[in-house]
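[1] Give me the fold of what follows.
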Amino acid sequence: MRTANQIQAKINEFTVQRNKLQASLQSDDISTEENERLSRQMAVLDEKIMLLEWVIFSPDGKYHL
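    Take a look at the predicted model:
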């Protein structure tokens, strides 16, 4: 099992990668194919970040009534 610090470090790593992708997407000299590829990569990183955040900040409440 990973510690909260390890998970937070991975979130930070993915966030840095996401910021780099976002900067690349804002560049004017990329092709449409490259734009689509970067957008898919960013969506994958967003999902990974969301899942790791869910692990650290697990939701409260009942799932089954």
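[2] mind listing the helices for this structure?
    4-25, 32-56 (DSSP state H).
[3] can those helices go into TSV with extra columns for mean pLDDT?
    Formatted as TSV, the helices of the chain follow (pLDDT from 0 to 100):
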stretch	mean pLDDT
helix 4-25	95
helix 32-56	94
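[4] Near residue 40, how many other residues are there?
    Residues near residue 40, counting by other Cβ atoms under 10 Å, number 11. Every C-beta, even on glycine, is put in place using the N, C-alpha and C of the backbone.
[5] cool, and the one 10 residues further on?
    With neighbours defined by other Cβ under 10 Å, the count for residue 50 comes to 11.
[6] What separation do you get for it and residue 21?
    According to Cβ to Cβ, to the nearest Å, residue 50 stands 16 Å off from residue 21.
[7] hmm, back to that, how about the helices of the chain in JSON lines, adding distance to residue 62?
    As requested, those are arranged in JSON lines below (distance: least, Cβ to Cβ, whole Å):
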{"stretch": "helix 4-25", "distance to residue 62": "24"}
{"stretch": "helix 32-56", "distance to residue 62": "16"}
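[8] Residue 22 touches residue 45, doesn't it?
    No: under the criterion of Cβ atoms under 8 Å, residue 22 makes no contact with residue 45, lying 9.8 Å away.
[9] which one of those two has more residues nearby?
    Set residue 22 next to residue 45 and count neighbours by other Cβ under 10 Å: residue 45 wins out with 20 against 12.
[10] what residues are up against the nearest residue to the more buried one once chain neighbours are set aside?
    The shortest distance from residue 45 to any non-neighbouring residue, by Cβ to Cβ, 6 or more residues apart in numbering, is to residue 18 (4.6 Å). Under the criterion of Cβ atoms under 8 Å, 6 or more residues apart in numbering, the contact partners of residue 18 comprise 42, 45, 46, 49.
[11] Can you turn the buried subset of these into a selection I can paste into ChimeraX?
    What follows is the ChimeraX syntax selecting those of the contacts of residue 18 that are buried according to 16 or more other Cβ atoms under 10 Å:
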select :42,45,49
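[12] Would you check which pair of the contacts of residue 18 lies furthest apart?
    42 and 49 (10.4 Å; Cβ to Cβ).
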